[in-house]
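Colleague: the following block contains a protein sequence and its predicted model.
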Amino acid sequence: MLGLIIGAYGVVCYAIFFATFLYSVAFVGDLPVPYTLDGSPTAPLPQTLMTDAALLALFAVQHSVMARPAFKKAWTKIVPPAAERSTYVLASSLALIVMFLFWRPLPQVIWRAPAGPLSVGLQALSYVGWGIVLVSTFLINHFELFGLQQVYNRLTGKQAGAPQFRTPGFYKLVRHPLYVGFALAFWATPVMTVGHLIFAAGTLGYMLIAIQLEERDLVDTFGDHYRDYRKRVGMMLPKFGGGSGGA
């Protein structure tokens, strides 16, 4: 019975994540949804800046702290280990939903690409970024990354295998293609507003910090395999001529 409950919980958390992911595309791209990055201003400038900074910080802290091994070790004394990843995914989704609801736009335009090939190209590049994000999750293990594999293992009594170091597809070119995809999705826009710039810069700063934390954990897990990989493959840009084969 507990396995069924955890399984249902994992599916619900995944459904919330996937809906949130799709809404993120609309939020950043200013598509016709109730709340977007570049909607009408709703607060004075000081309040807007403080609110948006707090929302970015909330997501960054939640996303990084809950991903650390020490937190997971303590957290799994409260929640079943099989539900730990699903709970992380749910918390991340809720942090994003809070951002969608309370983000205060600053729609003043910094640049606007002229209508035509440049504008279309920038919008297409943003969607390519979102595609890279999604594909990158499947290249490693999409269902484990978002908690479904863990709840399935619990339900079927299957033991999870030891972590394996692999560098499929994009991971042969850069160490963090998922973050590359997000950077493209956020920065490639035909209309860059002040609010969009704050969002893009804030998330890029978070990603650069998160990479350092993640790579420390990866070195602890994979040791020299990851150290060698880090020497050969660029973080977010390819190292041409340096070799990028899988370890």
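Modeller: Cool, got the structure.
Colleague: then stretch 126-134 to PDB, C-alphas only?
Modeller: The C-alpha trace of stretch 126-134 is given here as PDB (Å, rounded to 0.1, in the frame of the first residue of the first chain):
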ATOM      1  CA  SER A 126      15.000  30.500 -27.600                       C
ATOM      2  CA  TYR A 127      12.800  27.500 -28.400                       C
ATOM      3  CA  VAL A 128      16.000  25.600 -29.400                       C
ATOM      4  CA  GLY A 129      17.200  26.300 -25.900                       C
ATOM      5  CA  TRP A 130      14.100  24.800 -24.400                       C
ATOM      6  CA  GLY A 131      14.500  21.800 -26.600                       C
ATOM      7  CA  ILE A 132      18.100  21.300 -25.500                       C
ATOM      8  CA  VAL A 133      16.900  21.400 -21.900                       C
ATOM      9  CA  LEU A 134      14.400  18.700 -22.500                       C
END
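Colleague: next, the buried residues of it.
Modeller: Ser126, Gly129, Trp130, Ile132, Val133 (16 or more other CB atoms under 10 Å). Just so you know, the C-beta spots here come from the backbone N, C-alpha and C atoms, and that holds for glycine as well.
Colleague: what's the burial count for the nearest residue to the last one once chain neighbours are set aside?
Modeller: Taking CB to CB, 6 or more residues apart in numbering as the measure, Val133 lies nearest to Gly181, with 3.7 Å between them; neighbours along the chain are not counted. For Gly181, the number of neighbouring residues by other CB atoms under 10 Å comes to 21.
Colleague: contact partners for Gly181?
Modeller: Counting by CB atoms under 8 Å, 6 or more residues apart in numbering, Gly181 makes contact with Gly129, Trp130, Gly131, Ile132, Val133, Leu134, Ser136.
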